[in-house]
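*Asks:* 3D, please:
(chains A and B)
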Amino acid sequence: EAGVAQSPRYKIIEKRQSVAFWCNPISGHATLYWYQQILGQGPKLLIQFQNNGVVDDSQLPKDRFSAERLKGVDSTLKIQPAKLEDSAVYLCASSLVGPRGTEAFFGQGTRLTVV
Amino acid sequence: AQSVAQPEDQVNVAEGNPLTVKCTYSVSGNPYLFWYVQYPNRGLQFLLKYITGDNLVKGSYGFEAEFNKSQTSFHLKKPSALVSDSALYFCAVRDGHYGNNRLAFGKGNQVVVIP
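*Replies:* I've put the predicted structure just below:
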């Protein structure tokens, strides 16, 4: 079974530039998550989709971050404009729709460096 | 809001000795508890979870965790550590209270197994 695919693996941009990350979840997983993991911290949820609807985006900095999940499969996360503090690993995860005990499966992440 | 505390930054253990990684949690409803492991430049890998039932949960790679409701703890254990267990370990909790489905992670514990 293929896992969660993310691209690119690494990205270096200058502050105020834009960047986009792509995620392809595990086939059949209706729930998709984007997490931000800053060095030395645990992952923080940015946004959660169920199919192509947003379930939770309360921690997404909406003035600069946006995400979409067209057709309920792939998803993109965009930052525009980037700030130095956005340097982090961006993790995509997916899970089946189910009870709250359903575990999420993570991709390898995209390491973003803003200089 | 749900939260997780992993009090130790790093856990050092000699190969062959028992390994324990501590986790305490806070939720308003019943907890759904998870452990994930992260190897360098990799995404998070699911190890095990507690939903209900037996307080001792067995997972991948010989790991197990013990749920203790009175102490609000979910410590990860392995009877005999291997050098290959050296990695970053994250505890996570989802609140069973209706309306809040967010999975909250702790800051992680670096485990170093010394040959």
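*Asks:* in chain A, which spans are strands?
*Replies:* A:5-7, A:10-13, A:19-24, A:31-37, A:44-50, A:53-56, A:65-68, A:75-79, A:88-95, A:105-106, A:110-114 (DSSP state E).
*Asks:* quick one: is the longest one near chain B?
*Replies:* I take that to be strand A:88-95. Yes - judged by C-beta under 8 Å from any C-beta of the partner chain, strand A:88-95 comes into contact with chain B through A:91, A:93. For every residue, glycine as well, the C-beta is placed using N, CA and C.
*Asks:* tell me how far that strand is from the chain's mean position?
*Replies:* 5 Å (C-alpha atoms, centre = their mean, to the nearest Å).
*Asks:* and of the strands of chain A, who's closest to B:Ala5?
*Replies:* Distance to B:Ala5, taken as C-beta to C-beta, is lowest for strand A:44-50 among these, at 15.4 Å.
*Asks:* mind giving me the packing neighbours of that closest one?
*Replies:* Strand A:44-50 is packed against strand A:31-37, strand A:53-56, strand A:65-68, strand A:75-79, strand B:103-105, with contacts defined by 3 or more C-beta pairs under 8 Å, 6 or more residues apart in numbering or on different chains; DSSP states H and E.
*Asks:* in CSV: the strands of chain A, plus mean pLDDT.
*Replies:* Output for the strands of chain A, formatted as CSV (pLDDT from 0 to 100):
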stretch, mean pLDDT
strand A:5-7, 97
strand A:10-13, 97
strand A:19-24, 97
strand A:31-37, 95
strand A:44-50, 93
strand A:53-56, 90
strand A:65-68, 97
strand A:75-79, 98
strand A:88-95, 95
strand A:105-106, 94
strand A:110-114, 97
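*Asks:* make a markdown table from those and add mean neighbour count to it.
*Replies:* Converted to a markdown table, the strands of chain A look like this (neighbours: other C-beta atoms under 10 Å in any protein chain shown):
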| stretch | mean neighbour count |
| --- | --- |
| strand A:5-7 | 17 |
| strand A:10-13 | 14 |
| strand A:19-24 | 19 |
| strand A:31-37 | 24 |
| strand A:44-50 | 20 |
| strand A:53-56 | 13 |
| strand A:65-68 | 17 |
| strand A:75-79 | 19 |
| strand A:88-95 | 24 |
| strand A:105-106 | 22 |
| strand A:110-114 | 18 |
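*Asks:* give the contact list for A:Pro25.
*Replies:* Applying C-beta atoms under 8 Å, 6 or more residues apart in numbering or on different chains to A:Pro25 gives the contacts A:4, A:32, A:73-75, A:92, A:94.
*Asks:* let's see it at 10 Å
*Replies:* Counting by C-beta atoms under 10 Å, 6 or more residues apart in numbering or on different chains, A:Pro25 touches A:2-6, A:31-33, A:49, A:69, A:72-75, A:92-95, A:104-105, A:107.
*Asks:* and for B:Val93?
*Replies:* Contacts of B:Val93 (C-beta under 10 Å, 6+ apart): B:2-4, B:23-27, B:31-34, B:50, B:72, B:74, B:102-106.
*Asks:* so which of those residues are also by chain A?
*Replies:* B:4, B:31-34, B:50, B:102-106 (C-beta under 10 Å from any C-beta of the partner chain).
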